[in-house]
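Enquirer: Sequence plus the predicted model coming up.
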Amino acid sequence: MGIKAYLHPKWWLITIGTIFLLLGTGNYLDAEDASKNAYDDPTDRDVFYEETFGLFSMSLATMALSTGLFVKGRGLAMLSMISSVTVIVFFVLHYNAGEVVSYGYNDLTVTIVLSSILGLMGIGGYLHLGDD
């Protein structure tokens with residue numbers, strides 16, 4: 001069993017989608033506490049931002065889950081490559097924007113680790129381009 005078996009995009013999308021669905025739901029439901037950790041002097045608007053971030057996370061996670069569950073073959077491989085690059089770009093831009101406002105959850109290590117995991121998913125998509 002080679003590396004290709006470990007990098008099958010179906011399982012990466014399902015796993016990442018499940019994790020981010022849980023994290024996004026937690027962020028949405030606990031937005032008030034999240035805003036207290038993220039900002040020095042949080043306002044109701046900051047709570048809204050955290051709720052919105054949770055909703056966006058849940059939406060993207062649902063797309064990842066549904067892609068992993070229902071798309072097959074070359075389409076699955078292509079979507080895993082496209083989504084991995086898109087979310088890596090999002091993480092980098094989000095990190096940079098967070099640095100400007102001293103966002104409490106900004107952590108370069110987390111950004112690098114998550115981007116690396118997504119990079120592996122994209123590589124898996126590339127390796128499975130020829131799948132039927």
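Expert: Perfect, thanks for sending it.
Enquirer: switch to C-alpha atoms for all contacts and neighbour counts from now on
Expert: OK.
Enquirer: all helices for this structure, in order.
Expert: Ranges of helices within the chain are 3-6, 9-29, 31-38, 44-70, 73-100, 108-127, based on DSSP state H.
Enquirer: mind listing what's buried in the longest one?
Expert: To tie it back to what came earlier, the one meant is helix 73-100. 74-81, 83-85, 87-88, 91, 95, 98 (16 or more other Cα atoms under 10 Å).
Enquirer: tell me the average confidence for that helix?
Expert: Mean pLDDT, helix 73-100: 95.
Enquirer: same question, the last one
Expert: Per-residue pLDDT values over helix 108-127 give a mean of 96.
Enquirer: who's in contact with that helix?
Expert: With Cα atoms under 8 Å, 6 or more residues apart in numbering as the test, helix 108-127 has contacts from 4, 7-9, 12-13, 76-85, 87-88, 91-92, 95.
Enquirer: And for the first one?
Expert: For helix 3-6, the surrounding residues in contact (Cα under 8 Å, 6+ apart) are Gly124, Leu127, His128.
Enquirer: most neighbours, which of these?
Expert: Ranked by neighbour count (other Cα atoms under 10 Å), those have Gly124 at the top, with 24 neighbours.
Enquirer: who's in contact with the closest residue to that residue other than its chain neighbours?
Expert: Nearest non-adjacent residue to Gly124, counting by Cα to Cα, 6 or more residues apart in numbering: Leu7, 4.4 Å away. Leu7 makes contacts with Leu120, Met121, Ile123, Gly124, Gly125, Leu127, as judged by Cα under 8 Å, 6+ apart.
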